[in-house]
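Engineer: Curious how this folds, go ahead:
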Amino acid sequence: MTKVNIGICGLGTVGSGTFNLLRTNVAEIARKTGVDMAVSHVGCRRDHPDCDLSHVKVSRDVFDVVNDPEVHIVCELIGGDDVALELVKQAIGNGKHVVTANKALIAVHGDELFQLANAKGVSIMFEAAIAGGIPIVKALREGLAGNQVHWVAGIINGTSNFILSEMESAGNRGFEEVLKQAQELGYAEADPTFDVEGIDAAHKLTILSSLAFGVPLNFAAMYTEGISEITVEDIGYADELGFKIKHLGITRKVQGSKADDVAGVELRVHPTLVPKAQMLSQVSGVMNAVMVGSDAAGATMYYGAGAGAGPTASSVVGDLIDLSRVMSKDSTATHLVQNLGFVPDAMQALPIIDITETVSCFYLRLKVHDDSGVLARITTVLSEHGIGIDSMIQKDATSGRALIALVTDSVVERNVDEAVLKLQSMDVVDGDIARIRVEMF
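Structural biologist: Model prediction:
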């Protein structure tokens, strides 16, 4: 049996989960790979109480792991993109394959790291960086490799999905109250900005877009909008209109004027109304789901736990197994696969479509004076901006005010921007107008 030594850098939730999964399933892994794969060196600031490190070399400096000549594959599981970046660069420089769960590292620095890895003849594997235990990277890079992918849409942050699900099920608890519950349960950090404002999802979607379309990683161009402004009222009105509100990452290839011309790629994370009849709307709690639309396979969906020691470790170990299978045939093997599933020279730098030029339906909620002719004035403004109404509900309110919630037909976003600005200036409209995009997959 070929011996493959694994070095783990970081022994937190994912690192400890990976360490224990490799030890627990060692016989099953050997049956599937024909490889004697084991952790030989762990770099961590402190031991993990659930990990027996008695027969493993332990260093407090993670760089000792990447510099260990006995280590064949380095697992970067420390997170962040400062020390982790230098760690991965050094591992590549030492000719070692890298497996990481670090979405920020890949989204922001991936192009540079993949170039270094290609030059050195090693692979960077990152299945665990997106959607925990869901093998979406493998699905895009391998299972759907014969397809042209048209779009990818997903619930890729469990914290935001938990909050929206709880607000929906409770019916009377707002964002702040449910966020506090998520923090108490350990689903949200003390500073939840990374999750609830969409940054985490944006990192993941950046990678998914590159895997889907063969474009360079472009996190800086991402449109990002969080869930902190979503209200219980809007969740209720959306339900009456036949929708649920989900926080989605959406990337779509936009065709140009000619059949074989591509105008660019949409890259956006934001709250979205999804029809209750569609599968994505049924994903609740901390679960994740990713849908892919492609030419031959059609629409496919991948569902599972998006975080946690076990699910994420499953993806890390899956990458380790793929690399070990190659190394068992040739200990000096180079690339297992192209890192983003495309030949490096064939990557195509397509424009990122500005959010104002994207096309979707919209949910609008307005509080208006309960006077005759008000609805006609509102629909006139919408019509002047090329906006049709698909469905609408109207509710009487107190103090001579009424509530209108409607869903538009498909429209270019800049038209909605202009219409909302005009409506907001009208003397019959009170307060801010809520606006949420609507997508049907």
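Engineer: in this structure, which spans are helices?
Structural biologist: In the chain, the helices defined using DSSP state H lie at 13-24, 26-33, 63-66, 83-93, 103-120, 136-138, 158-170, 175-184, 193-196, 199-213, 232-240, 309-329, 374-384, 413-424.
Engineer: Pick the most buried one from those.
Structural biologist: helix 199-213 (a mean of 26; mean count of other Cβ atoms under 10 Å). Every C-beta, even on glycine, is put in place using the N, C-alpha and C of the backbone.
Engineer: With just CA atoms, put it into CSV.
Structural biologist: This file holds the C-alpha atoms of helix 199-213, laid out as CSV (Å, rounded to 0.1, in the frame of the first residue of the first chain):
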residue,chain,number,x,y,z
ILE,A,199,-20.1,38.4,2.8
ASP,A,200,-19.7,34.7,3.5
ALA,A,201,-22.2,33.8,0.7
ALA,A,202,-20.4,36.2,-1.7
HIS,A,203,-17.1,34.4,-1.2
LYS,A,204,-18.8,31.1,-2.0
LEU,A,205,-20.7,32.4,-5.0
THR,A,206,-17.5,33.9,-6.4
ILE,A,207,-16.0,30.4,-6.5
LEU,A,208,-19.2,28.8,-7.9
SER,A,209,-19.3,31.3,-10.7
SER,A,210,-15.7,30.5,-11.8
LEU,A,211,-16.5,26.8,-11.6
ALA,A,212,-19.6,27.2,-13.7
PHE,A,213,-18.4,29.6,-16.4
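Engineer: relative to helix 158-170, how tilted is it?
Structural biologist: 110 degrees (axes from the mean of the first three to the mean of the last three Cα atoms, to 10 degrees).
Engineer: For helix 199-213, name the packing helices and strands.
Structural biologist: helix 103-120, helix 136-138, strand 149-155, strand 223-224, strand 243-255, strand 262-275 (3 or more Cβ pairs under 8 Å, 6 or more residues apart in numbering; DSSP states H and E).
Engineer: That helix vs strand 243-255, what angle?
Structural biologist: Using the same axes, to 10 degrees: helix 199-213 against strand 243-255 is 40 degrees.
Engineer: Let me see the mean pLDDT of helix 199-213.
Structural biologist: Helix 199-213 comes out with an average pLDDT of 98.
Engineer: shaky segments in the stretch 51-200 of the chain?
Structural biologist: For the stretch 51-200 of the chain, no stretch has pLDDT under 70.
Engineer: what ranges of the stretch 201-350 of the chain fall below the confidence cut-off?
Structural biologist: In the stretch 201-350 of the chain, residues with pLDDT under 70: 329-338.
Engineer: Swap in 50 and give it another go.
Structural biologist: For the stretch 201-350 of the chain, applying pLDDT under 50 flags the ranges 331-335, 337.
Engineer: my guess is Thr100 meets Glu127, correct?
Structural biologist: No. Counting by Cβ atoms under 8 Å, Glu127 is not a contact partner of Thr100; they are 9.5 Å apart.
Engineer: more crowded one of these two?
Structural biologist: Thr100 (30 against 26; other Cβ atoms under 10 Å).
Engineer: The helices of the chain into TSV, with extra columns for distance to Val283?
Structural biologist: As requested, these are arranged in TSV below (distance: least, Cβ to Cβ, whole Å):
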stretch	distance to Val283
helix 13-24	22
helix 26-33	29
helix 63-66	37
helix 83-93	30
helix 103-120	19
helix 136-138	14
helix 158-170	7
helix 175-184	16
helix 193-196	16
helix 199-213	14
helix 232-240	15
helix 309-329	15
helix 374-384	32
helix 413-424	25
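Engineer: what does the domain assignment say about the chain?
Structural biologist: What automatic domain parsing lists as the domains of the chain is 2-133+309-346, 137-305, 357-438.
Engineer: Let me know the average pLDDT across the shortest one.
Structural biologist: Domain 357-438 comes out with an average pLDDT of 95.
Engineer: For it, measure first residue to last.
Structural biologist: 15 Å (Cα to Cα, to the nearest Å).
Engineer: same question, stretch 123-139
Structural biologist: Termini of stretch 123-139 sit 18 Å apart (Cα to Cα).
Engineer: what do you get for stretch 390-410?
Structural biologist: End-to-end for stretch 390-410, by Cα to Cα: 9 Å.
Engineer: which residues sit against that stretch?
Structural biologist: 234, 237-238, 240-243, 273, 359-371, 374-375, 378, 382, 387-389, 416, 430, 438 (Cβ atoms under 8 Å, 6 or more residues apart in numbering).
Engineer: next one: that stretch to chain centre, how far?
Structural biologist: In terms of Cα atoms, centre = their mean, to the nearest Å, the centre of stretch 390-410 is set 33 Å apart from its chain centre.
Engineer: measure the closest residue to Val286 other than its chain neighbours to Phe19 for me?
Structural biologist: Spatially, and ignoring its direct neighbours in sequence, Val286 is nearest to Gly158 (3.6 Å; Cβ to Cβ, 6 or more residues apart in numbering). The span separating Gly158 from Phe19 equals 23 Å under the rule Cβ to Cβ, to the nearest Å.
Engineer: Ile130 against Ala139, yeah?
Structural biologist: No. Ile130 is beyond contact range of Ala139, at 10.5 Å (criterion: Cβ under 8 Å).
Engineer: what about the two, which has more around it?
Structural biologist: Using other Cβ under 10 Å as the criterion, Ile130 and Ala139 rank with Ile130 on top: 30 against 18.
Engineer: Just give the closest residue to that one, not the sequence neighbours.
Structural biologist: Closest to Ile130 by Cβ to Cβ, 6+ apart is Lys204, at 4.6 Å.
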